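> Show me the folded form of this:
(chains A and B)
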Amino acid sequence: MTNCPPQVQSSAARRYRLRTLAFMIPYVAICVAMMATDAFDSIMGRPAAWLLALAVAAPIAGQIWAVLSFMRDSDEFVRAVTAKQFIVASGIAMALFTFWGFAENFAGAPHAEGWLIVPLFWGAFGAVAAFIRSSN
Amino acid sequence: MKNKLKLLRVERNWTQEQLGQALGVSRQAVNALETEKHDPSLDLAYRIAALFARPVEEVFENPHG
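Here you go, the predicted structure:
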């Protein structure tokens, strides 16, 4: 384990919070604008729609980088617990989305948009963080 | 992993925060070690032992023997 003074860890947590805000504010803004307004209706079916898709996906990639940076700058316990929480949240999100996908195809469940996997994952991540407090 | 970390820390009147600073880990990490919610890496185990000037096996109970 690398020596990681607590001051460094608290600044890592602070950087993580700032990066999360920086990435999630534009992501949420685009999603809300898409759901609540017709701001993007005019680009539907045009090349600009691909740019919109990239614009909403980029902050998600950024957020993964923020998590990895936080883990790199944390001590071994925080790193292990964060990894465990991330894996469990990924498993929950993938299992639920796979369940729903098959339910859509074969059981007539209503359609769920693919981009919902992201809020589903982060919701699961927040929920499991309350319970996974051990690295063992 | 069972250990004497809390005992050794309290003997010196250190808080978890102070021990964390001496070891270069977070207070949460010290708490997790004391409550057996985290098994330390070999590196951290040796650093803890060195800090208290004890052999590793005196601080941590060998779970295999």
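> and chain B, which residues reach chain A?
Residues of chain B found near chain A, taking C-beta under 8 Å from any C-beta of the partner chain as the criterion, are B:17, B:20-21, B:24-29, B:32-33, B:36-41, B:43-44. Quick note: C-beta positions are derived from backbone N, CA and C, even for glycine.
> In helices only, show me these.
Using DSSP state H, the subset of the residues of chain B next to chain A located in helices is B:17, B:20, B:21, B:27, B:28, B:29, B:32, B:33, B:43, B:44.
> Can you check those and name whichever has the most neighbours?
Top of those by neighbour number is residue B:29, holding 31 neighbours under the definition other C-beta atoms under 10 Å in any protein chain shown.
> Hmm, it is touching residue A:74, no?
No - contact status for residue B:29 versus residue A:74: not in contact, 9.0 Å apart, counting by C-beta atoms under 8 Å.
> quick one: common contacting residues for the two?
Counting by C-beta atoms under 8 Å, 6 or more residues apart in numbering or on different chains, no residue touches both residue B:29 and residue A:74.
> So, low pLDDT: which residues of chain A?
Within chain A, the ranges that satisfy pLDDT under 70 run A:1-8.
> Please, where are all the helices along it?
Counting by DSSP H, the helices of chain A are A:6-36, A:47-72, A:76-107, A:117-129.
> mind checking which of the ones you listed is nearest chain B?
helix A:76-107 (3.7 Å; C-beta to the nearest C-beta).
> which helices and strands sit right next to that closest one?
Contact partners of helix A:76-107 among helices and strands, from 3 or more C-beta pairs under 8 Å, 6 or more residues apart in numbering or on different chains; DSSP states H and E: helix A:47-72, helix A:117-129, helix B:27-34.
> So which bits of it are buried?
Applying a neighbour-count criterion of 16 or more other C-beta atoms under 10 Å in any protein chain shown, one finds A:76-82, A:84-86, A:88-89, A:92-93, A:96-97, A:100 buried in helix A:76-107.
> can you give me the angle it makes with helix A:47-72?
If you take axes from the mean of the first three to the mean of the last three C-alpha atoms, to 10 degrees, helix A:76-107 sits at 140 degrees to helix A:47-72.
> So residue A:40 versus chain B, what's the distance?
With the distance defined as C-beta to the nearest C-beta, to the nearest Å, residue A:40 ends up 43 Å from chain B.
> how many neighbours does that residue have?
Per other C-beta under 10 Å, the neighbour tally for residue A:40 reads 14.
> most packed of the helices and strands packed on helix A:76-107?
helix B:27-34 (a mean of 24; mean count of other C-beta atoms under 10 Å in any protein chain shown).
> Other residues contacting that one?
Surrounding helix B:27-34, the residues in contact under the criterion C-beta under 8 Å, 6+ apart are A:6, A:75-78, A:81, A:133-135, B:3, B:5-6, B:9, B:15-17, B:19-20, B:23, B:37-38, B:40, B:48.
> Let's see the ChimeraX selection covering just the buried ones among those.
Only the buried entries of the contacts of helix B:27-34 go into this ChimeraX selection, using 16+ other C-beta under 10 Å:
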select /A:6,75,76,77,78,81,133,135 /B:3,5,9,16,19,20,23,37,38,40,48
